[in-house]
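1. Here is my input, please return the structure:
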Amino acid sequence: MLLVRDMVNGKSKYSEFLNSPERITTNVLASRLLKMEASGLVRKTLYQERPKRYAYALTERGHDLLPIAQAMCRWANKHLPDTWVPPDSFMQAEPGT
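-> Model (predicted):
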């Protein structure tokens, strides 16, 4: 769900995901992106040939997870201290946008 959150907030590149506050490790990130792509949640697009680098974007199926991510943020902000407070643009975003 963190990658869904990050993509909705405009992140698309591997290095951007690595810089998220949760500090996901490279091997876990690579595995999650592969699984999300295989599940049809994200698509990757080559943006640099040498070395090969890809940008990732949510598919319609991936965007449909947005209400779940928003609900998780509301719950965490209510019940867990010091959690990430999402910007209004994230909380007001609609699935598929």
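2. Quick check: which element contains K44?
-> K44 is part of strand 42-48, with elements assigned from DSSP states H and E.
3. in that strand, what counts as buried?
-> Using 16 or more other C-beta atoms under 10 Å as the test for burial, strand 42-48 gives V42, K44. To be clear about C-beta, it is placed using only N, CA and C from the backbone, and glycine gets the same treatment.
4. before we move on, what about stretch 74-88?
-> Within stretch 74-88, the residues that count as buried by 16+ other C-beta under 10 Å are P86.
5. neighbours of K13, just the number please.
-> Residues within reach of K13, counting by other C-beta atoms under 10 Å, total 14.
6. what sits against it?
-> Going by C-beta atoms under 8 Å, 6 or more residues apart in numbering, K13 touches Y47, R53, Y54, A55, Y56.
7. hmm, 6 Å instead?
-> A55 (C-beta atoms under 6 Å, 6 or more residues apart in numbering).
8. gap between it and L80?
-> 29 Å (C-beta to C-beta, to the nearest Å).
9. swap in T59?
-> T59 sits 30 Å away from L80, going by C-beta to C-beta.
10. ok, now R32?
-> 22 Å.
11. and A55, which of the three is it?
-> Using DSSP: H, G, I helix; E, B strand; the rest coil, the three-state assignment for A55 comes out as strand.
12. Could you give the bridge partners of it?
-> Counting by DSSP bridges, A55 is bridged to K13, T45.
13. Relative to the centre of this protein, find the outermost residue for me.
-> Ranked by distance from the centre of the chain (C-alpha atoms, centre = their mean), the top residue is R50, with 24.9 Å.
14. quick one, phi psi at that one?
-> phi -130, psi 110 (degrees, to the nearest 10).
15. Relative to Y56, how far out is it?
-> Relative to Y56, R50 is positioned 19 Å away (C-beta to C-beta).
16. okay, T97: pLDDT?
-> According to the prediction, T97 has pLDDT 62.
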